[in-house]
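Undergrad: What would the 3D arrangement of this be:
(one chain, ligands or ions: 3)
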Amino acid sequence: MLEIIEGNRVSELDKAFAKSEGMSSWDLMERAAISFFNWFKLHFTNFPNEIFIFCGPGNNGGDGLAVARLLEMDGFKVAVVTFEDVLNCSQDYQINFTKLPLGVKVLVYESLEFDLLKNCICIDAIFGVGVNRPLSGKYLKTINSLNKVNAKKIAIDLPSGIPADTILEGDAFQADFTCTFQFPKLGLLIPEHADFTGKIEVLDIGIPEPFLKSFSQKKYYVQKKDIPSFHRKFNNFSHKGDFGRILLIGGDQGKMGAILLCSRAALRTGSGLVHVFAPWDERLVIQVGAPEVMVVNDFSLSDLGIFDAIGIGPGWGLEVDPNYFEMILQSFNSPVVIDADGLNILSKNPNLLKAIPPNSILTPHIKEFERLAGSFKDQIERLEKAREFSINHKVFLVLKGAFTCITCPDGSQYFNSSGNKYMATAGSGDVLTGMITSFLGQGYDSLSAAICGVFQHGLAGELASVKKRRGMVASDILETIPQTYLNLDIE
Ligand SMILES: NC(=O)C1=CN([C@@H]2O[C@H](COP(=O)(O)OP(=O)(O)OC[C@H]3O[C@@H](n4cnc5c(N)ncnc54)[C@H](OP(=O)(O)O)[C@@H]3O)[C@@H](O)[C@H]2O)[C@@H](O)CC1
Ligand SMILES: Nc1ncnc2c1ncn2[C@@H]1O[C@H](COP(=O)(O)OP(=O)(O)O)[C@@H](O)[C@H]1O
Ligand SMILES: [K+]
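TA: Numbering: from 1, shown residues only. Ligands and ions are numbered 1, 2, ... in the order given. Sure thing, here's the model as predicted:
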């Protein structure tokens with residue numbers, strides 16, 4: 001799994017890695033440039049118009065110059081735009097400047113006519129992780145003009161201006177793609193920067209995972225290739241008991257859809273037996289909508305032990321007696337999943353937090369998390385609060401949204417890479433609750449259940465939205481869960 005390392009440690013990491021491999025910092029920059037070049041060729045083969053590369057004074061600009069050389073030598077039409085006298089630039093910038101082929105046009109920012117950029121490609125290599133203050137002067141002016149131009153825009157490592165680990169002040173480059181080296185910088189994963197990053201591509205430059213571990217900040221980026229290792233294997237003799245018996249608690253008059261979606265998602269995720277405890281008068285909604293589900297009229301708290309996992313909250317309403325909720329939590333000795341109204345009841349009755357079984361999974365979206373833990377000025381502060389919350393209450397927190405963040409009781413954080421905007425649709429969170437509860441019931445530990453649930457939920461959303469886009473609804477997501485097993489090659 002990829003480590004996410006703080007921006008201000010990247011140059012330390014680069015130096016240590018280059019030294020361990022007996023290579024120079026220029027060699028590493030060349031690797032970065034080659035990985036970008038390969039990505040570019042794949043996406044823009046035979047691009048006929050000019051490619052403008054904007055090169056700042058540091059190593060991000062050095063990357064830009066190396067990319068200019070590689071592209072020109074491959075037959076692309078390339079111009080670089082510079083901002084500083086070469087002698088004021090980083091050492092590797094200077095080396096790459098001397099290596100520029102004659103065919104690369106060198107322009108100075110002052111003399112550039114932005115009209116020329118129309119229908120071209122603009123590559124932003126002005127600043128990367130080294131940006132240390134808001135953009136101003138010539139840089140701000142250039143970026144403001146670039147943001148208005150009708151061209152394809154690609155940022156190298158980070159859109160210039162976006163800080164690696166904090167929130168943007170002022171303006172930044174608005175990219176269609178950001179090609180980031182080795183691991184995504186935290187600044188690429190936060191909602192405040194959504195208008196700048198475009199599609200994020202993580203380009204491998206060959207720093208091995210064990211090496212990155214020595215710089216670990218216990219923040220990770222979960223990708224498709226990581227998922228199979230979190231899955232349990234079942235054998236040919238497995239029976240429905242092995243796939244787990246789960247109980248889902250929720251639903252209320254007018255909100256039965258939430259618990260129905262949740263239970264259907266659990267079945268599609270593979271649960272052997274799904275029981276729903278919902279208002280008895282409303283049972284037909286479940287029995288017609290999901291004939292595989294058993295609706296429970298009542299249960300004795302002492303019998304909860306027959307269930308492998310419990311999910312609580314979708315559509316539950318706020319009228320539930322908090323003491324009853326507390327008794328459920330106290331009577332179950334394994335982790336539970338708490339979502340939606342379950343979380344809202346916790347927010348109103350914080351004394352219940354101590355009754356939650358350790359390693360339970362809470363799945364708030366941003367608003368629900370604010371109700372639980374207070375309001376925050378930005379996502380960086382929210383992520384820090386999530387860490388404190390998980391550590392203090394010994395729970396896993398799934399903070400939902402783009403790049404959903406799973407925070408663990410040991411303070412580590414896992415950022416999810418799957419999913420898309422079309423998943424912002426009613427009931428999508430209920431589907432996730434059903435999936436995570438199902439995995440817990442199938443015998444997964446809490447981290448594996450959360451990671452597999454969140455990733456496959458996002459993947460199901462991606463697959464289902466191919467033909468539906470904005471028309472995708474939560475039922476489409478859950479009906480696509482089985483395809484995620486095929487896509488990931490999991491039996
Ligand atoms: N493993 C990897 O990740 C690899 C990383 N590599 C690449 O190196 C990049 C990092 O390079 P970097 O450290 O030289 O920093 P970079 O972003 O070029 O900026 C520093 C310069 O900008 C200046 N400056 C800053 N803010 C400013 C402002 N607002 N306005 C004006 N000036 C400002 C600052 O000057 P100063 O603060 O001294 O005035 C300094 O001159 C990284 O993102 C990646 O692209 C690859 O080559 C190899 C593998
Ligand atoms: N832009 C997005 N990118 C990726 N995933 C998203 C995006 N918007 C929403 N989602 C996912 O969709 C789900 C929405 O859950 P939630 O807000 O609880 O919806 P609801 O309450 O309608 O069920 C979450 O899992 C969230 O991560
Ligand atoms: K950049």
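Undergrad: Contact partners for the most centrally placed residue in the chain?
TA: Central residue of the chain (C-alpha atoms, centre = their mean): Phe403, 2.2 Å from the mean position. Counting by C-beta atoms under 8 Å, 6 or more residues apart in numbering, Phe403 makes contact with Leu189, Ile190, Phe415, Asn416, Ser417. In short, each C-beta sits where N, CA and C put it, glycine included.
Undergrad: which of the residues you listed lies closest to Glu6?
TA: Nearest to Glu6, judged by C-beta to C-beta, of the contacts of Phe403 is Leu189 at 13.2 Å.
Undergrad: tally of neighbours for the closest one?
TA: Leu189 is flanked by 23 other residues according to other C-beta atoms under 10 Å.
Undergrad: For it, give me phi and psi.
TA: phi -110, psi 10 (degrees, to the nearest 10).
Undergrad: Tell me the spacing between it and Ile143.
TA: 21 Å (C-beta to C-beta, to the nearest Å).
Undergrad: cool, Phe403 as well?
TA: 24 Å.
Undergrad: try Phe237
TA: For Phe237, the distance to Ile143 equals 62 Å [C-beta to C-beta].
Undergrad: So which of these two has more stuff around it?
TA: Between Phe237 and Ile143, counting by other C-beta under 10 Å, Ile143 is the more crowded of the two (22 against 6).
Undergrad: Surely the more buried one is in a helix?
TA: Yes: assignment of Ile143 by DSSP: H, G, I helix; E, B strand; the rest coil places it within a helix.
Undergrad: how close does it get to Leu260?
TA: 49 Å.
Undergrad: quick one on the thing from earlier: so of the contacts of Phe403, which ones are in strands?
TA: Phe415, Asn416 (DSSP state E).
Undergrad: Just put the contacts of Phe403 in TSV and tack on distance to Ile162.
TA: Converted to TSV, these look like this (distance: C-beta to C-beta, whole Å):
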residue	distance to Ile162
Leu189	11
Ile190	10
Phe415	16
Asn416	20
Ser417	18
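Undergrad: per-residue confidence for Pro358?
TA: Turning to Pro358, the model gives it a pLDDT of 97.
Undergrad: Please disregard the earlier target; I meant Ser238.
TA: Per the predicted model, pLDDT is 84 at Ser238.
Undergrad: Close to ligand 2: what parts of the stretch 251-400 of the chain are there?
TA: Counting by C-beta under 6 Å from any ligand atom, the residues of the stretch 251-400 of the chain close to ligand 2 are His365, Lys400.
Undergrad: who in this protein is up against ligand 1?
TA: 10-11, 14, 28-29, 32, 56-63, 90, 127-133, 135, 139, 156-157, 181-182, 205.
Undergrad: Can you tell me which of these are classed as buried?
TA: Buried members of the residues of the chain next to ligand 1, counted by 16 or more other C-beta atoms under 10 Å: 10, 14, 28-29, 32, 56-63, 90, 127-131, 135, 139, 156-157, 181-182, 205.
Undergrad: residue ranges of the helices in the stretch 1-150 of the chain, please?
TA: Taking DSSP state H, counting those that start in this stretch as the criterion, the stretch 1-150 of the chain contains helices spanning 10-21, 25-44, 59-73, 91-98, 137-148.
Undergrad: TSV for those, including mean pLDDT and distance to Ser300?
TA: As requested, the helices of the stretch 1-150 of the chain are exported to TSV (pLDDT from 0 to 100; distance: least, C-beta to C-beta, whole Å):
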stretch	mean pLDDT	distance to Ser300
helix 10-21	91	57
helix 25-44	97	59
helix 59-73	98	64
helix 91-98	98	70
helix 137-148	97	63
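Undergrad: Let me know whether Ala175 touches Ile156 as I believe.
TA: No: using C-beta atoms under 8 Å as the test, Ala175 is too far from Ile156 to be in contact (9.4 Å).
Undergrad: any shared contact partners between those two?
TA: With C-beta under 8 Å, 6+ apart as the test, Ala175 and Ile156 both reach Asp124.
Undergrad: which SSE is the residue in the chain that ligand 2 sits nearest to in?
TA: Nearest to ligand 2 in the chain, going by C-beta to the nearest ligand atom, is Gly429, at a distance of 2.1 Å. Using DSSP states H and E, Gly429 maps to helix 428-441.
Undergrad: Name the next helix or strand downstream of that helix, please.
TA: Next along from helix 428-441, by DSSP H and E: helix 446-468.
Undergrad: Does anything pack onto that following helix? Which helices or strands?
TA: strand 219-222, strand 361-362, strand 396-399, strand 405-407, strand 413-416, helix 428-441, helix 474-479, helix 481-487 (3 or more C-beta pairs under 8 Å, 6 or more residues apart in numbering; DSSP states H and E).
Undergrad: Please parse this protein into its domains.
TA: Using automatic domain parsing, the domain parsing of the chain gives 2-217, 228-487.
Undergrad: Endpoints of the first one, how far apart?
TA: Between the opening and closing residues of domain 2-217 there is a gap of 11 Å (C-alpha to C-alpha, to the nearest Å).
Undergrad: ditto for the last one
TA: Counting by C-alpha to C-alpha, the length from the leading to the trailing residue of domain 228-487 is 11 Å.
Undergrad: got the phi/psi numbers for the residue in the stretch 151-300 of the chain that ligand 1 sits nearest to?
TA: The nearest approach of the stretch 151-300 of the chain to ligand 1 comes at Asp157, 3.6 Å away (C-beta to the nearest ligand atom). In this entry, Asp157 is assigned phi and psi values of phi 70, psi -60 (degrees, to the nearest 10).
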